[in-house]
Every structure is written in C-alpha cells, then in structure tokens.
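For reference, the sequence and a predicted model appear below.
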Amino acid sequence: MEEIKEEGKSLNFVEEIIDNDLKSGKYTSILTRFPPEPNGYLHMGHASSICLNFGIAQKFGGKTNLRFDDTNPVTEDTEYVESIKEDIKWLGFTWANEFYASDYFDKLYEYAIQLIKQGDAYVDDLSSEEIAAQKGTPTEPGQHSPYRDRSTAENLDLFARMKAGEFNEGQKTLRAKIDMASSNMLLRDPLLYRIKFAHHHRTGDKWCIYPMYDFAHGQSDSIENITHSICTLEFIPHRALYDWCIEKLGIYPSHQYEFARLNVNYTVMSKRKLLQLVNERHVSGWDDPRMPTISGMRRRGYTPSAIREFCDRAGISKREKINDISLLEFCVREELNKISLRRMVVFDPIKVIITNLEEELIHLAIENNPEDEHSGTRQVPFTKEIYIEREDFMEHPPKKFFRLAPGQSVRLKGAFIITCNDIVKDIEGNVIEIHCNYIPESRSGNDTSGLKVQGTLHWVSVPFATPVEIREYERLFKVENPNSEEGDFKEYINPESLHIIPIAYAEPAFKEAKQENHFQFLRKGYFFMDKDSNNEHLVFNRTVSLKDSFTKKA
RNA sequence: UGACCUAUGGUGUAACUGGCAACACGUCUGAUUUUGGUUCAGAAGAGUUCAGGUUCGACCCCUGAUAGGUCAACCA
C-alpha cells in the first residue's frame, strides 16, 4: 500500500539522476555516504542530508556509509563522533560501514606522491599570506609561485621531510599544479597538504601533515566506491577539483551532486552560529530544547518519524530556500496526536468549590487517548475542591466565551457539568474562589441530564494535585531570517523564548509517567519529560502547542 | 569587472519531458466534537522574474536582460 503511494510521487532531481543511472545500466547498485566532520552536533540540516542519503539508498536498494571527515585534528573530537552516531541511530537509520577519512591517511599520502611524480603537485615554501597575495582575484589571474617548478626529486624529498616533521607549521605546503589563471579560484594551485603538529582523535601523533578537504573527500569516496556523493550547494565549485583529483589519480570515478541545504525560519542552522549560542550562554547547551539540533529536538519531544516526515515534505532541490517552521510543527502534531497520552495539568490555578457535592471522593475513568481505542483509561479523582485555569473564568465574559462565568455552565472533562452561581473575592477585588453546583446526572459516559454545554474544561483535584515544573518554548529568534538582518544575528534573539512555570498542578496519574512517554496536556499542548526530572520533581518541556483558533481571534 | 548556481500562490515542492499550473503547510468559512484539539466539507490565493523568439500551442526549447546566491580559509 505504501508502495503504490510512493509510485505516484514524483522523484526529486537526485532520485531522478539515480533512477536514470540504474535504468541505463551505468550502475547495478548504488552506494551513498553521509560524511559529517566530528566537530559539532548534528542539526536539522544534517537530518535532511541523512534522510536524503540513507533514504535514497533504501529506495533504490543500495547502501550508505557513515564516514567521519576528520582531516582537521584541531577542531575534531571523539565526543562529537559519539553524539553523531547516536543521533543518526535515533533518527532511525543504519549505516553499512563506519569509516573515517583518517583511515585513508596512508593511502592519501601515496596518492600525493603519485601526483608529485606525475608533475601534478609541488612543495611550496610560500607563507599563507604570500599565497593569498599571489592568488589573483576572480577577474585577474594569479601568479606562479617561485617554487612551482621544483624538480620531482626535490619535491619528493621535501614532502618526505614534511611528513618526518622537519619543518614548522606553515613553513611548507603541498600544492596541486593546475592553473593559476582559472576562473575557478579553487583550481589556482590549491593546497593539498599542510603541516599541523596536532594530536588527532584517532591517529594520535602519527602524522604532522594532514590532507585538505579537497584532497581527502573525493579520494575517500573513490576508495569506498561511492557511486553518488551528495553534498550541499557551496561545494559546486569544488566539483572541478574533485574530478581533477580522481582523473589524475586514475581511481574509481565517484561523482558529486549538490542540493540546497535545508533552512527553517526563526532559527539559525550553521554550526558556527549554534556554537556561539552555546558558548555565550544564550541557550543551556547543544541539547537545549530551543536548538535546531537533533539532540535539542529529541529533548524537546520531537519524534524521529516526525522529523523524517518533515524532511520528506520539505523536499530536495537546488534552490536556496527557507522552510516554514509551521510545516515541522504540523508533522510533529500529526504524530503526537496519535500517540500521546492525555493528561490534565492546570498551569495557573483558580479554585472551584463544588458546593453541592456530598461525596468526599469520586473515582472517574478517563480515556488515555481518544484517537487510540487500545490506549485504555486512567483513574482520575474528583473532589469538592478543584483547580481550573484562571483564564477559563471571566466575571464579565464577551460573547462567544464558551467557558465559565457567573450563571454559565461548562463540562469538566471526563466528569460533570457545573454551573457557576457565586464568586468570592479578596479585599482588592480579585476573584479567589468560584462556587459551582454540579449536575449529578451529567456524569461522563452516562449523562442523562439532557443538558448541552459549549465548553469543556480541564481540571485537577486540589487534594490530589501533584506539582510539576513546566518549560514552554517560543521561537529562538524574533525574525524569520536572522542571517539576512542588519548587524549581528544575536541581536535578534527572542528574549522570551523560554517561559518557566515552576509549579503547575497535575493529576496524580503522573506517578507512573515514563521518560519515553509523549503527553498531551489537554487544551495546552504536547509535552515531554525533561532529563532534569527526578522522583520528587518532574519537569516537562512543551514540545509544541495545540493549534488554537480561539486566542488568535481575541 | 570573471566563472558558476538559482528563479512557479504567503511558504515548500510538483507539472508524466511542449498540451491552457497540481499537492502539502499556512490562511479563511461551515459542520462535527465531552480538548476552541482531532475529523469532515468547502473557499480564497500564482498564470510561472522580465522582454523578445520558435511553435497550432511554452513553466518547459532559443536569445537577451534582471534579481538573488556562491567562489580568492594552511576550515569542511
């Protein structure tokens, strides 16, 4: 059934390329790769790439490798490797092989020697500044380095000595000999190797020369026999160099394809900026629920399938775009509506006294999820004193206020219909108690009262109320695209993105709450238990609010 | 005074490769509802950046503009 639906869908441009390659017989099977640099946490943009690379392999019966692009030892760390693996698994994908670019350092070194022998690479003594100065501009050609025509023997000797650690950082580099007049700046004798006396998270101190991205990525793809190497738009100019290396080396011809990275409005999606938010304490960490990181979204209560669904609906193209966060929220709500347990929690309480209730305690069974008939019910105690939401009562209500007001009736969810017949105020005139009559015949499930009311409220029994902490999140930025605004993006941070309610009143069923449960707090939104919770103190993150067509109008 | 990439409702993605622009989100109605949620029914909203050309016919092909983006890190 799912198959048929998939058949009818049109392919994105990458899928189309692969479909054609398979049909034409260019390949009999495909191999993709997801190549993160282990220098930060994965975010929504990576999720899109993961869904593309792994998804495409699944769709066309191929496989996907996970390869850590760890060619810069100063920024990379094992901590990131572990978090990246955890995030990919959590998203629901399995890699065929776990590789590291650093696995190929020996092979890459041989490749470099091959280029030197072919006269396609040379050791340069120029400093970083001098190279930049000789690079030219997009409209003016660059100048040749005075070291460009060293003999093969000299290059070989120098390169070996670079590897042996005879030179200082920055003193020498290995450069490709291509074309200093190319309109593609990347082809103006790009750096292939640089000296770094840095400890590598995997190879330790074995190496003091490290390959640049352009001398590692294509070769790594080739070594693994990657058929379709899919990356983001900014690598388009690199493709010429990618192909140059493969051609000069005469190795397996992997091909690079580029798609537009995924962006979402009201947030930022670059590692650099996210790192700033963390370092400058605008958020509590990489997994702050406001962060667009996978770990942040997981902590917030987003589900893997909702994220996958979002990536799928957002689509793949070559056009730079910013997706609407509301699509993500739609995907999250759509799933959470089906799976979350309904509970009642009063955030801002006002006391209601059921004046005509004789019994001390009535046990009510209320469904856990009306969308799922197998979800069963829970026991909810009903007592003479209950809390309702302060905003659910108005002494002088406008028309169309379907909630509680003097003389007005409402249903208490899963319980009875009540009518407000009196209010108690303090000296300052604030309402502190609402007195109501309940209709015994209106009990949920066997209502014989014949009464109809417009509103249904959530409520919590006062003596049974359990305090919990609530954390509500708003968008992290005040503007849709912080990147395109004047000045620093941090000036546009929303100062009210986190709203904490230290004490909210929850029904007692939370005693059995499990970390992995998703909840819908009736009329409030979807919530997920935070890792800061312990036995005495439960903390809930608002994953996303419910759609609200009432407060919007007001 | 360069090369390369891109251009379809508010947003994102399509249009079976030339046959009078569809789907989703969002928005707005109405119905249903013991969540102002869900569900259901419906509506508004683009004539495809612009100007030419080819064609019986162009979002699609050609020419030329325009706009936005990318490229001159010993980052990836």
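Cool, the structure landed. Residues are numbered from 1 along each chain as shown, chains lettered A, B, ... in the order given.

Residue A:503 is in what secondary structure piece?
Residue A:503 belongs to strand A:498-506 when assigned by DSSP states H and E.

Show me which residues of that strand are buried.
Neighbour counts over strand A:498-506 (16 or more other C-beta atoms under 10 Å) mark A:498, A:504, A:505, A:506 as buried. Placement of C-beta: from N, CA and C, glycine included.

is RNA strand B contacted by that strand?
No: shown here: strand A:498-506 not in contact with RNA strand B (C-beta under 7 Å from any atom of the strand), separated by at least 14.9 Å.

quick one: that strand to chain centroid distance?
Centre-to-centre, strand A:498-506 and its host chain are 25 Å apart (C-alpha atoms, centre = their mean, to the nearest Å).

which strands and helices sit next to that strand?
Packed against strand A:498-506 by the contact rule (3 or more C-beta pairs under 8 Å, 6 or more residues apart in numbering; DSSP states H and E) you find strand A:345-346, strand A:466-473.

pretty sure residue A:404 contacts residue A:457?
Yes: using C-beta atoms under 8 Å, residue A:404 is in contact with residue A:457, at 6.8 Å.

Touching both of those two, which residues are there?
Counting by C-beta atoms under 8 Å, 6 or more residues apart in numbering, the residues touching both residue A:404 and residue A:457 are A:388, A:392, A:410.

just checking, which of those belong to helices?
Among the shared contacts of residue A:404 and residue A:457, no member falls in helices (DSSP state H).

Counting neighbours, what do you get for residue A:16?
Neighbour count of residue A:16, defined by other C-beta atoms under 10 Å: 11.

And for the closest residue to residue A:266 other than its chain neighbours, the neighbour number?
Closest residue to residue A:266 apart from its sequence neighbours, by C-beta to C-beta, 6 or more residues apart in numbering: residue A:475 at 3.9 Å. Residues lying near residue A:475 (other C-beta under 10 Å) number 16.

ok, now the one 3 residues further on?
The burial count assigned to residue A:478 is 16, neighbours taken as other C-beta under 10 Å.

How about residue A:543: what's its closest non-neighbour residue?
In space, residue A:543 is closest to residue A:301, 3.3 Å off (C-beta to C-beta, 6+ apart).

Oops, could you answer that again for residue A:40 instead?
residue A:271 (4.2 Å).

Next up, the contacts around that neighbour.
Residue A:271 neighbours (C-beta under 8 Å, 6+ apart): A:39, A:40, A:41, A:43.

Which of those sits closest to RNA strand B?
residue A:39 (7.4 Å; C-beta to the nearest atom of the strand).

so that closest one touches residue A:74, yeah?
No: look at residue A:39 against residue A:74 with C-beta under 8 Å: they stay out of range, at 9.2 Å.

Have a look at these two and say which one is more surrounded.
Neighbour totals were compared for residue A:39 and residue A:74, and residue A:39 leads with 17 against 11 (other C-beta under 10 Å).

what's near enough to touch that one?
Applying C-beta under 8 Å, 6+ apart, the residues contacting residue A:39 are A:72, A:75, A:76, A:77, A:80, A:271.

Once you drop chain neighbours, what's closest to it?
Closest to residue A:39 by C-beta to C-beta, 6+ apart is residue A:75, at 4.2 Å.

so is that neighbour in a helix, a strand, or just coil?
Residue A:75 falls in the coil class when you classify it by DSSP: H, G, I helix; E, B strand; the rest coil.

Pull up the gap between it and RNA strand B, please.
6 Å (C-beta to the nearest atom of the strand, to the nearest Å).

Dihedrals phi and psi, that residue?
Residue A:75 adopts backbone torsions of phi -110, psi -10, taken as degrees, to the nearest 10.

Quick check: it vs residue A:301, distance?
Per C-beta to C-beta, to the nearest Å, residue A:75 is found 31 Å from residue A:301.

now do residue A:275
24 Å.

who has more neighbours, the two?
residue A:301 (25 against 14).

my guess is the more buried one contacts residue A:525, does it?
No: judged on C-beta under 8 Å, residue A:301 makes no contact with residue A:525 at a distance of 9.9 Å.

which residues are in contact with both of these two?
With C-beta under 8 Å, 6+ apart as the test, residue A:301 and residue A:525 both reach A:543, A:544.

if we can go back for a sec, need the contact list for the residue nearest to residue A:543.
A:289, A:336, A:518, A:526, A:527, A:528, A:541, A:543, A:544.

same question, residue A:243
A:218, A:256.

Model confidence for it, exactly?
At residue A:243, the pLDDT value in this model is 97.

So it, which state does it fall into?
helix.

What distance do you get for it to residue A:204?
33 Å.

ok, back up a step: parallel or antiparallel, which strands does the strand holding residue A:503 pair with?
strand A:345-346 (antiparallel), strand A:466-473 (antiparallel) (DSSP bridges).

Need the nearest residue in space to residue A:83, chain neighbours excluded.
residue A:41 (5.6 Å).

Tell me the predicted confidence for the one you found.
pLDDT, read off for residue A:41, is 97.

Equivalent analysis for residue A:2, please.
Confidence at residue A:2, expressed as pLDDT, is 32.

So for stretch A:181-191, mean pLDDT?
The model assigns stretch A:181-191 a mean pLDDT of 96.

How about stretch A:378-393?
pLDDT averaged over stretch A:378-393 gives 97.

cool, stretch A:82-101 as well?
Stretch A:82-101 comes out at a mean pLDDT of 98.

What of stretch A:415-426?
Mean predicted lDDT for stretch A:415-426 stands at 97.

what's the distance between residue A:124 and RNA strand B?
8 Å.

right, and that residue touches residue A:144 too?
No: between residue A:124 and residue A:144 there is no contact under C-beta under 8 Å: 10.4 Å.

More neighbours: which of those two?
residue A:124 (23 against 13).

For the more buried one, give the beta-bridge partners.
residue A:173.

which residues does residue A:78 contact?
A:38, A:201.

Local confidence estimate at it?
pLDDT at residue A:78 comes out at 95.

Quick one: name the residues of the stretch 251-400 of chain A near RNA strand B.
A:260, A:313-324, A:326-327, A:329-330, A:333-334, A:337, A:342, A:369-371, A:400.

Just those: which are in strands?
The members of these that map onto strands under DSSP state E are residue A:342.

Just the buried ones among the residues of the stretch 251-400 of chain A next to RNA strand B, please.
A:260, A:314, A:316, A:322, A:323, A:329, A:330, A:333, A:337, A:342, A:369.

Turn those residues into JSON lines, columns for pLDDT.
Shown next, in JSON lines, are those (pLDDT from 0 to 100):
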{"residue": "A:260", "pLDDT": "96"}
{"residue": "A:314", "pLDDT": "96"}
{"residue": "A:316", "pLDDT": "96"}
{"residue": "A:322", "pLDDT": "96"}
{"residue": "A:323", "pLDDT": "97"}
{"residue": "A:329", "pLDDT": "98"}
{"residue": "A:330", "pLDDT": "98"}
{"residue": "A:333", "pLDDT": "98"}
{"residue": "A:337", "pLDDT": "98"}
{"residue": "A:342", "pLDDT": "97"}
{"residue": "A:369", "pLDDT": "97"}
